[in-house]
Every structure is written in C-alpha cells, then in structure tokens.
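J.: quick one, structure for this:
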Amino acid sequence: MSWDDFADHAKAAADWGADYHRTLRDRPVRAQTAPGDIAAQLDTTPPEDGTGLADIMADFESIVMPGITHWQHPRFFAYFNSNAAPASVLAEFLASIIAPQCMLWQTSPAATEMETRMMDWLRQGLGLAPAFQGVIQDSASSATLAAVLTMRERALDWAGNTRGLSGQPTLRIYCSDQVHSSIDRAIWVAGIGQDNLVKIATTGDLRAMDPAALQDAITQDRAAGYVPAGIIAATGATGMGACDDLQAVARIAARENLYSHLDAAWAGTAMICPEFRPLWEGADQFDSIVFNPHKWLGAQFDCAAHFLRDPDLLRQTLAIRPEYLKTHAQGDITDYSEWSIPLGRRFRALKLWFLMRHYGMEGLRTRIRNHVAWSQALCHRLGAEDDFDIVTEPILSLWTFKVAGASDDATQRLVDAINDDGRIYLTQTLVDGQKVIRFTAGQFDCEARDFDTAFDTITEIARAL
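T.: Below you'll find the predicted structure:
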C-alpha cells in the first residue's frame, strides 16, 4: 500500500468510525455469537498472496463486527467502561502514524516531556499534593505490580533483585477482601506467594478494611517472624465499589514503616470533582496511587496514571542501565522506562493532552457528575419497585440489586436474559456470599435516556421470567 492509498483508506475508516458511533444504539451491546463462530470463518493457514483493502474491510464487517461486544455503547453498564472519546481516538491515530518508541528521553523528547506535564495536569485536577510525580503505565495492574515489587525490594533492603527470594525472610502484604484480582496476580508475579497476601475483613456500608484487624494482623505476623512489607488500599473496588478508610490505613502504614499503595483504578477519575473527594480523604499520605484515565476520563485504552511520592524508590527497584540505554545529554532528563516494567513505551501522553485541552476539566467534570446522578436516580427508581431489592447503595455510579427473594440461580438467569436481549449489558458479582446484579455507568457519551432504557429492560425481563 502506498501512502497515497493509505490516505484514501484512512479517510474511509474515519467515515466508518463516525457512522459506527452514531449508530451504536441500534446494535446489541454484547456480542451475540456462540463460541467458535468467528474462528470458523478465518482461514486456518496464512495467505501466500496479498488481498486488497476493500476485500479486507468487507470481511471486517461480516466476520469481526458480529463478534464485538461494544464497549463504547452508551448502554454498556457491565464492567467499568473502557472509553474512547473522539479527541482521544484522533490522538491515538496520530501516535500510531508516527509510531514512536518512547522508552528514553532521547528516543522521543516530546513524549517524555509531555508525559511529565500531563501527569502534573492530572495531579492538579485530582487535588493531590505537589510532592507527587507521575508516570503513565499501561494499566492499573502494571502499576500495582510495580508497587508490590517496590514493597518487596524496600523490605529486603534492595536485595531481592540481586540475590533472589530463596533464603530471604517471608514477606507479608495486606489488603482488604474486596480488592481486585490484579493484586493477587501481582503477588504471584513478584514471587511473594498467595499465602502471604493477607486479606483483612471489611466493615460498614463502604466495606472498608477494618483498621483494628489490619493492625492486629501486622502485629501477629511480626511476632511470628514474618516481615510486613506493604499495604494496598482501595477506593472504588471492582465488586461493589468498596472504599477503605485511607487516613486510618495511612496512619498504620506510617507507624509500621510500610510502603502504601492506593488502587483507585476506576473511582480515581471522579476525584476531579471536589465533592467526591471525601471517598479518598487521606490519599495524599500514600506512597503511590493509580487510577485509569481509560476507564472514566475518556482516554483511549491503555492509559494508567501512576503517582509516586518518591519515584527514586521505584527507580531503585526497576532501573537498569546498559550503555546502549544511557542518554548522554546536558541537563536534567527523565527516562520513563526506568519507572515501568516494560522497556518499550507508547506515546500515551498525547491522548491526555488532546483530551484535557479539547473538553477542559470542567467539561470532563460535567460528564462524571451526570453519570453519577443518572445512575443514582435509576437506583432509587428501581428500589421503589416492590419486587426489587437494592443490595448495596450507590458508590458514585456503582450499585447492586436483585429481584426480591431470588436465588443465585434465578439471579444468574436474569443477568443472562438481559444480556441476550441486547438492549443493555450488565454483569453479576457476589456481595456477602450472595449473587447480585452489578450496575455501573461511565460510558463517555451516554445520556439520561439510556438509563430509562435500562429501567424498562430490567423490569420487563425480570417480570417475564
């Protein structure tokens, strides 16, 4: 393909993309295909000869699109949305065209310096202290793994990377029983082991980690010869939105000299609205914080904002400098590959620049506030129906419900029937051991009418089963 041809096809793709988003409400939210349907239409061997782009695009429409669950659908109420605001898509398109590898300052000075400034814009937007510096990771999972590795190295006096873990003291890391599974996986990858992730019972409507139980666990572990290494707290955990008492957790971390990490992957975006910040009061006292602009802010996946009170701790954990990666230049520079697990890095800051400049912080706040208001109004409307129970009240735009008296099997049948219907997309979760239906809102372009459709769909299908 020549670059002249590319220009024609790119224009056609842009037209297709605009039409796709304009007609999303006419599509079922979740893919309606059965397992194997897509694979059955793909050749089992690679082609020997090339194919024209027009034919490939036709196959894209007929083969790929029926198997796509539409994450940008305004009635996607299942998982935390992975958004793609138009301005972000344009930035990602440009980043793909220039295709830089942004591992070092010298390999893309604009990417490095823009990343530094965009992370400071986000820091200001969240109301975090100037002491925090930021780096863009691919996901909250990677940021959490980086934090766990830092906990490990700090607790072992930086000997884990050099000597390995064999013969070292057994480390312990603490979190609530509501945390995302990525914390468990980080413990595995870091070599600490599942048995050494101590999950603390939660209490209260926000399902916060019990501070007294946390302190007792640390004290007992020290007495038993373990080495406590760190605490991972949550604001807006995935299941039902659990929020820890960050001030209490931070006090314990400081008293016990433990590295503290805050996972606010979803809810962190809402902290650009000052009225929601009571949910993470005390965040400033943590060593590291992560939230995903690709979840609710509108940035194209992938884009995780990782804030650090002392980046040197992370660099000491991850930095490695062979001669070919050294930048010999005058002045103070940052090589963000020393702040992240992969060496290679994408130009993610560009989409944040486009996003925040185009919509402005107040425009982004308005969207967040609308999502919260519309979701909470739907919760109250459904809760007023005699045949529905609200199991957990809204935390921002996330809440859970079930049909009154429904068994776990009946609840799952309702979830499946709603998703097969196609008008909306929901998922299930467990709260206090019972299966419930989880509702969360955050698609960038959703409107109040989409929540009316959700009410009609839920009540109609539940009463028909």
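J.: return the set of buried residues in the lengthiest helix in the chain.
T.: Assignment by DSSP state H gives helix 349-383 as the longest helix of the chain. Residues 349-356, 358-359, 364-365, 367-368, 371-372, 374-376, 378-379, 382 are the ones in helix 349-383 that count as buried (16 or more other C-beta atoms under 10 Å). For the C-beta atoms, the positions are set from N, CA and C on the backbone; glycine is no exception.
J.: kindly report the same for stretch 49-56.
T.: Of the residues in stretch 49-56, those with enough neighbours to count as buried (16+ other C-beta under 10 Å) are Leu53.
J.: and that stretch, average pLDDT?
T.: Model confidence over stretch 49-56, given as mean pLDDT, is 89.
J.: oh, and call the first residue 11 from now on, that's how I've got it
T.: Renumbered: residue one is now 11, and that last one reads stretch 59-66.
J.: need the helices for the stretch 111-260 of the chain, in chain order.
T.: Counting by DSSP state H, counting those that start in this stretch, the stretch 111-260 of the chain has helices at residues 119-136, 150-165, 170-173, 191-199, 221-233, 256-266.
J.: of those helices, which is nearest Thr180?
T.: helix 221-233 (9.0 Å; C-beta to C-beta).
J.: tilt between that closest one and helix 256-266?
T.: 20 degrees (axes from the mean of the first three to the mean of the last three C-alpha atoms, to 10 degrees).
J.: show me where the stretch 361-475 of the chain has helices.
T.: Listed in chain order, the helices found in the stretch 361-475 of the chain under DSSP H, counting those that start in this stretch are 418-431, 458-474.
J.: by contact count, what packs against the shortest one?
T.: When you say that, I think you mean helix 418-431. If contacts are counted by 3 or more C-beta pairs under 8 Å, 6 or more residues apart in numbering; DSSP states H and E, helix 418-431 sits against strand 408-413, strand 437-441, strand 444-450, helix 458-474.
J.: pipe the ones you listed into CSV and attach mean pLDDT and distance to Ala157 per row.
T.: Compiled in CSV, the helices and strands packed on helix 418-431 are given as follows (pLDDT from 0 to 100; distance: least, C-beta to C-beta, whole Å):
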stretch, mean pLDDT, distance to Ala157
strand 408-413, 97, 24
strand 437-441, 94, 25
strand 444-450, 96, 25
helix 458-474, 96, 36
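J.: tell me the most buried of the ones you listed?
T.: Highest mean neighbour count of the helices and strands packed on helix 418-431: strand 408-413, a mean of 24 (counted as mean count of other C-beta atoms under 10 Å).
J.: quick one: that one to strand 444-450, angle?
T.: Angular relation of strand 408-413 and strand 444-450 on a 0 to 180 degree scale: 130 degrees, by the same axes, to 10 degrees.
J.: can you give the distance of strand 408-413 from its chain's centre?
T.: Computed by C-alpha atoms, centre = their mean, to the nearest Å, the chain-centroid distance of strand 408-413 equals 21 Å.
J.: sketch out the low-pLDDT regions of the stretch 211-360 of the chain for me.
T.: Within the stretch 211-360 of the chain, the segments meeting pLDDT under 70 span 331-341.
J.: for it, what spans make up the strands?
T.: With DSSP state E, counting those that start in this stretch as the criterion, the stretch 211-360 of the chain has strands at 212-213, 218-219, 237-244, 269-273, 298-301, 314-318.
J.: nearest to Pro76, of these?
T.: strand 314-318 (30.7 Å).
J.: strands paired with that closest one, and their directions?
T.: Under the criterion DSSP bridges, strand 314-318 sits next to strand 143-147 (antiparallel), strand 298-301 (antiparallel) in its sheet.
J.: what's in contact with the first one?
T.: In this structure, residues lying in contact with strand 143-147 by C-beta atoms under 8 Å, 6 or more residues apart in numbering are 125-126, 128-130, 132-133, 153, 156, 300, 313-318, 321, 324, 346, 349-350, 358-359, 362.
J.: so what does the host helix or strand of Ala28 touch, helix or strand wise?
T.: Secondary-structure element containing Ala28, defined by DSSP states H and E: helix 13-32. Based on contacts counted as 3+ C-beta pairs under 8 Å, 6+ apart, the elements that helix 13-32 packs against are helix 63-69.
J.: next one: the helix it packs on to chain centre, how far?
T.: Centroid displacement of helix 63-69 relative to its chain, using C-alpha atoms, centre = their mean, is 33 Å.
J.: against Arg448, how distant is Ile405?
T.: In this view, Ile405 and Arg448 are 11 Å apart by C-beta to C-beta, to the nearest Å.
J.: need the overlap of contacts for those two.
T.: Between them, Ile405 and Arg448 share these contacting residues under C-beta under 8 Å, 6+ apart: Met250.
J.: just to revisit the earlier point, now the helices of the stretch 111-260 of the chain in JSON lines, with distance to Ala68?
T.: Rendered in JSON lines, the data for those read as follows (distance: least, C-beta to C-beta, whole Å):
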{"stretch": "helix 119-136", "distance to Ala68": "36"}
{"stretch": "helix 150-165", "distance to Ala68": "36"}
{"stretch": "helix 170-173", "distance to Ala68": "51"}
{"stretch": "helix 191-199", "distance to Ala68": "38"}
{"stretch": "helix 221-233", "distance to Ala68": "58"}
{"stretch": "helix 256-266", "distance to Ala68": "53"}
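J.: reformat these as CSV; add mean neighbour count and distance to Glu71.
T.: Supplementary listing: those in CSV, determined by neighbours: other C-beta atoms under 10 Å; distance: least, C-beta to C-beta, whole Å:
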stretch, mean neighbour count, distance to Glu71
helix 119-136, 19, 34
helix 150-165, 25, 33
helix 170-173, 14, 49
helix 191-199, 17, 34
helix 221-233, 16, 53
helix 256-266, 19, 48
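J.: so which of those comes closest to Ala293?
T.: Once the helices of the stretch 111-260 of the chain are compared by C-beta to C-beta, helix 256-266 is nearest, at 5.6 Å.
J.: list the contacts of Pro150.
T.: Not Pro; residue 150 is Ala. Applying C-beta under 8 Å, 6+ apart, one finds that Ala150 lies in contact with 190, 192, 273, 275, 300-302, 314.
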